[in-house]
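> Sequence and predicted structure below; questions after.
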Amino acid sequence: MGKRNYYDTIANIYDQTRWLTDSVAEEVADFIVDFVNASPETSFLEPGVGTGLNVLPLVRRGYAVTGIDVSQEMLDQFSQKFPQAPQNLSLIHGDASQLPFPDQSFDVVLTVHMVHTVSHWKIFLDEIDRVLKPGGFYLNAQWITPPARREFEQYFRAILAKYEQLQESKSVDKVIEDINVEEYFNHKGYQSTYVVAKKWAVSNTIEELLSCFKMRAYGLCWRVTDEIFEQAMKELEEFCDQHYESSETQLSSEAKFEIWAYTSS
Ligand SMILES: C[S@@+](CC[C@H](N)C(=O)[O-])C[C@H]1O[C@@H](n2cnc3c(N)ncnc32)[C@H](O)[C@@H]1O
């Protein structure tokens, strides 16, 4: 666990550079509680819990929540959200591919932007299947980059691509394509459903988006050396000067909290 990952580096700016607000997270929690028909005894596990954006409302409501993450810095950001460690929250620094829990420990396992980050996704899903109680729910969720932000990001990707040509590593998008969670769980006899827990509007000025990129808040910003990154940022700023009326121009679009839900019988 000694190796620093990219999330260690961005932990202190993670929440401010994402778009899941506290109020949206509360509404998503309402949806989840209802969807899994939670009782006060329902237990939740979020592997790759990060700064706790998704499960914070569940902790506040008194549910037993366990979070595991390889990044101690991300976990620290989560812990700092409470004046005192809540008794119903357990945070573990560890690799989610080896969940340190007995079989059938949790009623609900939630992963958000997570499956593509583990080294061996099938081993990880085996672990989820193992720790879920019979009749439990696995909720594989994402609140992907809203379209307007995505389009802005594509401009930066295009600039970076010129510098990245020599690199042969798979992009994250490609890795996601190779993972078939649905097939895996259907094969194990789970029932699957797709639901949108919440849609909401996200608006940012060009200046705000540029500042997120300057902070290197996203994985793509770390694919190149510091020097190349600075050069690419200069190009992005020049592009923005030419492409948008002003740095106060707002880019708006709709975000979605999507869940692929799997239930065992
Ligand atoms: C994209 S972030 C998502 C964080 C949180 N789920 C959210 O939606 O805001 C991915 C998280 O998974 C963690 N992570 C990546 N690989 C992991 C692994 N093998 N075991 C545990 N955590 C891991 C990272 O440290 C990071 O906090």
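Perfect, I can see it now. Numbers count the residues shown, from 1 in each chain.
> so how many other residues sit close to whichever residue of the stretch 151-265 of the chain sits closest to the ligand?
Per Cβ to the nearest ligand atom, residue 219 is where the stretch 151-265 of the chain lies closest to the ligand, at 8.2 Å. For every residue, glycine as well, the C-beta is placed using N, CA and C. Per other Cβ atoms under 10 Å, the neighbour tally for residue 219 reads 13.
> what's the answer for residue 57, then?
22.
> Ok, the one 3 residues further on next?
Residues within reach of residue 60, counting by other Cβ under 10 Å, total 16.
> gap between it and the ligand?
Per Cβ to the nearest ligand atom, to the nearest Å, residue 60 is found 16 Å from the ligand.
> got the contact list for residue 101?
With Cβ atoms under 8 Å, 6 or more residues apart in numbering as the criterion, the residues that contact residue 101 are 45, 66, 131.
> Wondering if the helix or strand harbouring the second one reaches the ligand at all.
Following DSSP states H and E, one finds residue 66 within strand 64-69. Yes: in terms of Cβ under 6 Å from any ligand atom, part of strand 64-69 sits within range of the ligand, namely 68-69.
> near the ligand, anything from the helix or strand following that strand?
For strand 64-69, the following helix or strand on the C-terminal side (DSSP H and E) is helix 72-79. Yes: against the ligand, helix 72-79 shows contacts by Cβ under 6 Å from any ligand atom at residue 74.
> one step back: check which strands are paired with the strand holding residue 66 and give the direction for each one.
The strands that strand 64-69 pairs with in its sheet are strand 43-47 (parallel), strand 89-93 (parallel) (by DSSP bridges).
> Turn these into a markdown table, including distance to the ligand.
Formatted as a markdown table, the strands paired with strand 64-69 follow (distance: least, Cβ to the nearest ligand atom, whole Å):
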| stretch | distance to the ligand |
| --- | --- |
| strand 43-47 | 6 |
| strand 89-93 | 9 |
